[in-house]
Each structure stands twice: as structure tokens, then as C-alpha cells.
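Trainee: Got a predicted structure plus its sequence, pasted below:
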Amino acid sequence: MIDPNTETLISLTEAAKGLPRRRAGKKVHTCTMYRWSTAGCRGVVLETIQIGGTRCTSREKLALFFRQLTQDRGLEASGRETSLRHQRRRRREVAAAERQLDAEAPGRVLSPGKRFQPHGQLGSRRSATGPVLTAELPKDGVALGHAAAGRNLK
């Protein structure tokens with residue numbers, strides 16, 4: 001947490017002006033500073049404080065941000081997959097494997113640690129938000145499952 005009493009506060013605009021120029025002599029844009037304070041860079045987020053209508057950081061937190069980025073770069077060089085790029089690649093590989101499984105066994109539901117169950121019977125399937133209950137309603141319209149738990153769904 002930034003302590004305004006002990007740290008040297010600067011606005012994100014001032015911070016951008018004080019940084020060395022980047023590729024082709026271009027200045028660091030103020031939007032880059034805002035992005036570093038919200039989404040971060042390679043998993044490291046610049047700490048900021050809101051003072052009235054101005055988002056500020058401190059010279060100390062800016063130096064800490066750059067040190068953490070430098071340390072993160074050192075971990076990548078040692079072979080550890082910690083960067084966001086590697087996490088995204090892993091998610092894409094998992095999604096491709098799930099699509100391949102779905103293509104090989106259409107109409108079947110994959111539930112971790114359980115046997116395959118025909119689609120439409122009570123079971124679970126994977127979705128972007130987690131397991132989803134799937135159920136085929138019996139003729140009387142009452143489903144006895146986790147989500148429906150005896151409710152009349154006619």
C-alpha cells in the first residue's frame with residue numbers, strides 16, 4: 001500500500017514523462033502506465049493510489065515494479081514457465097484436447113473421475129464456468145438432480 005506521508009507521489013502522466021524512451025526513441029505513453037496499474041505486465045501490477053481525480057503512484061513503487069519485472073524475466077530464463085504467454089498456451093492446448101475428445105466421442109459426457117455417461121442422462125459436462133448439470137426430464141416433469149432437487153419444471 002502506498003503511504004502518501006513517506007513516499008514520493010507522482011501522477012501516472014509525470015511517471016510516464018520521467019521514464020527512458022523506448023524503441024525508436026518513442027516516449028512511454030500515459031495509457032501504458034494505466035495499463036500497468038490495472039492489467040499489469042507479465043503478471044506484475046503497478047501499485048497506485050487515487051488522489052481526487054488523479055491516479056498516482058510513487059517513485060518507490062515504480063522502482064519495485066521494475067525490479068519485479070526484472071526478477072520475473074530471470075525466472076523465465078531459468079526455464080520456469082511463469083509468464084502469461086505460457087499460461088495462455090497451456091489453456092489453448094487443453095481446449096484443443098477437449099475438442100478432440102468431444103469429436104472422438106460425440107454424444108458422450110466426460111466427467112472427471114467418473115465413467116462416460118450417455119448425453120441426456122443425469123451427469124455433468126465441462127463448460128467455461130465449471131461443471132454444469134445436464135438432465136433429461138422424465139415424463140412427469142419432475143427432475144431429481146443437484147440443480148432441480150425435486151422442483152416441478154413443467
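Mentor: Sure thing, it's come through.
Trainee: can you give me the strands for the chain?
Mentor: Counting by DSSP state E, the chain has strands at residues 9-11, 49-51, 54-58, 108-109, 117-118, 123-125, 132-134.
Trainee: May I have the third one exported as CSV, CA atoms only?
Mentor: Translated: strand 54-58. This file holds the C-alpha atoms of strand 54-58, laid out as CSV (Å, rounded to 0.1, in the frame of the first residue of the first chain):
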residue,chain,number,x,y,z
THR,A,54,-5.8,11.7,-10.3
ARG,A,55,-4.3,8.3,-10.3
CYS,A,56,-0.8,8.4,-8.7
THR,A,57,2.0,6.1,-7.9
SER,A,58,5.2,6.6,-6.0
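Trainee: Check which residues of it are buried.
Mentor: Buried residues in strand 54-58, counted by 16 or more other CB atoms under 10 Å: 55-58. Just so you know, the C-beta spots here come from the backbone N, C-alpha and C atoms, and that holds for glycine as well.
Trainee: Next, count neighbours for A95.
Mentor: Close neighbours of A95, defined as other CB atoms under 10 Å, add up to 11.
Trainee: ok, now how distant is it from S37?
Mentor: From A95 over to S37 the distance is 30 Å, taken as CB to CB, to the nearest Å.
Trainee: now do L46
Mentor: Taking CB to CB as the measure, L46 and S37 are separated by 5 Å.
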